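In: task: produce atomic coordinates for the following.
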Amino acid sequence: MSDTYVEGNFLGLPESGEAIDVVVLPLPYELTTSYGQGTAEGPAACLAASGQVELFDEQLGQDLPAGASIHTAPAWEGHGATLRLQLDELASHLAPWCTGDVFPIALGGEHGILPPLMWALKGHPSIEGDLSKLTIVQIDAHADLRSELNGEVFSHACAAGRALDMGVGRLLQVGIRAFSHEEAKWISTDERITTFFARDTQSPITGKDSWQAWLSELASLTGPVHLTIDIDGLDSSLVPATGTPVPGGLSYWQAVETIEAVFNAPNATVISADVNEIATNDHSPVTEFTAAMLMTKTVASHLKAREDGRWEATSKAKGIERAEIECTYFTSLTKLAER
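Out: Numbers count the residues shown, from 1 in each chain. Got it, this is the predicted structure:
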């Protein structure tokens, strides 16, 4: 824990001025949750819990912030009267931080934050408007590939599908154990999707081989990568307060191994990340604390990648004050991509 605790800041860390290396972006967005509620309170709860996380990271070999400047941005506030207006607002809010000079990590909120993140990343210098260059690595209990849920095509249950519709080139999934017939068909027929199902990686008989295959897949990554961590990808005993907890998920250490493997891939660069579907309950803080630990590991792994030369700024530093970049994509969209 930091000796000088600053309430509301990630890890309670004080900030040192205009220079920023990592930005934490709280996104209390919750419009399409389909079971448990409360993800709008998740980011604040996770930030509060992060103040209790130990700052030393074994892989990095240092206490965070390890000489880096970590900025916790003010929480996003949605004002749009419709879901699509709020998606445009989210994208407009995120885009100024996806410009290659900092490492952005978004903190949700429901998984519906993923499509606005994809729109924002189109402006990243590593993407140059072409999302086919990007690989998403997804930890999740759910495939999130539905065409719609309850009549909404931008439901949290459709987040990965909408990202592919927007042009993302590759999707690697792990922890998946709750999916529809429609999603199973998409997984089996779309060469962009590689899914490691929990029944394989968590099997007491064959799980070791399947897990090693997953780590090998991550080691072979190339090009820009976005890491999206829906915390329900972990076993529900670790995250009981998430929106849709599912038994049979990843262990905490498997999540850590995944994060480290993504950032250690020698021919890939993780340009952004998000941790989402955090909720709270009155019984235990274990959910938000687990999420805070995963956030901390993600930031530490990014700083290790910087140290080892697997990440470098691709644009000049822009400071804290950033003008929003207007997005009208979601409100103007009339037709989804054909599968």
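In: which parts of the stretch 151-300 of the chain are helices?
Out: Assigned helices in the stretch 151-300 of the chain, in chain order: 159-165, 181-189, 198-201, 207-219, 252-264, 286-307 (criterion: DSSP state H, counting those that start in this stretch).
In: what is the first one packed up against?
Out: With contacts defined as 3 or more C-beta pairs under 8 Å, 6 or more residues apart in numbering; DSSP states H and E, helix 159-165 has these neighbours: helix 114-121, strand 135-139, strand 170-176. (Each C-beta comes from the backbone N, C-alpha and C, glycine too.)
In: quick one: distance of it to the chain centre.
Out: 14 Å (C-alpha atoms, centre = their mean, to the nearest Å).
In: got the contact list for that helix?
Out: Counting by C-beta atoms under 8 Å, 6 or more residues apart in numbering, helix 159-165 makes contact with 111-115, 118, 136, 138, 140, 143-147, 153-154, 171, 173, 186, 190, 192-193, 336-337, all of which sit outside it.
In: derive a PyMOL selection command for the buried subset of the residues you listed.
Out: Command for PyMOL that selects the buried part of these, burial taken from 16 or more other C-beta atoms under 10 Å:
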select buried, resi 111+112+113+114+115+118+136+138+140+143+144+145+146+147+153+154+171+173+186+193
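In: pLDDT of stretch 265-278, averaged?
Out: In this model, stretch 265-278 has an average pLDDT of 96.
In: report the buried residues of stretch 263-272.
Out: Applying a neighbour-count criterion of 16+ other C-beta under 10 Å, one finds 263, 264, 265, 268, 269, 270, 271, 272 buried in stretch 263-272.
In: stretch 300-309 now?
Out: Buried-residue list, stretch 300-309, by 16+ other C-beta under 10 Å: 300, 301, 302, 303, 304, 305, 306.
In: now the residues you listed in a markdown table, with pLDDT and distance to residue 232?
Out: Rendered in a markdown table, the data for those read as follows (pLDDT from 0 to 100; distance: C-beta to C-beta, whole Å):
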| residue | pLDDT | distance to residue 232 |
| --- | --- | --- |
| 300 | 98 | 23 |
| 301 | 98 | 21 |
| 302 | 98 | 23 |
| 303 | 98 | 27 |
| 304 | 98 | 27 |
| 305 | 98 | 26 |
| 306 | 97 | 30 |
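In: pick the one among those closest to residue 326.
Out: Of all the buried residues of stretch 300-309, residue 326 sits closest to residue 302, with 28.3 Å by C-beta to C-beta.
In: correct me if wrong: that closest one contacts residue 24.
Out: No - taking C-beta atoms under 8 Å as the contact criterion, residue 302 and residue 24 are not neighbours in contact, 11.6 Å apart.
In: joint contacts of these two?
Out: Here residue 302 and residue 24 share the contacting residues residue 105, scored by C-beta under 8 Å, 6+ apart.
In: for residue 230, name its beta-bridge partners.
Out: Beta bridges link residue 230 to residue 276 when assigned by DSSP bridges.
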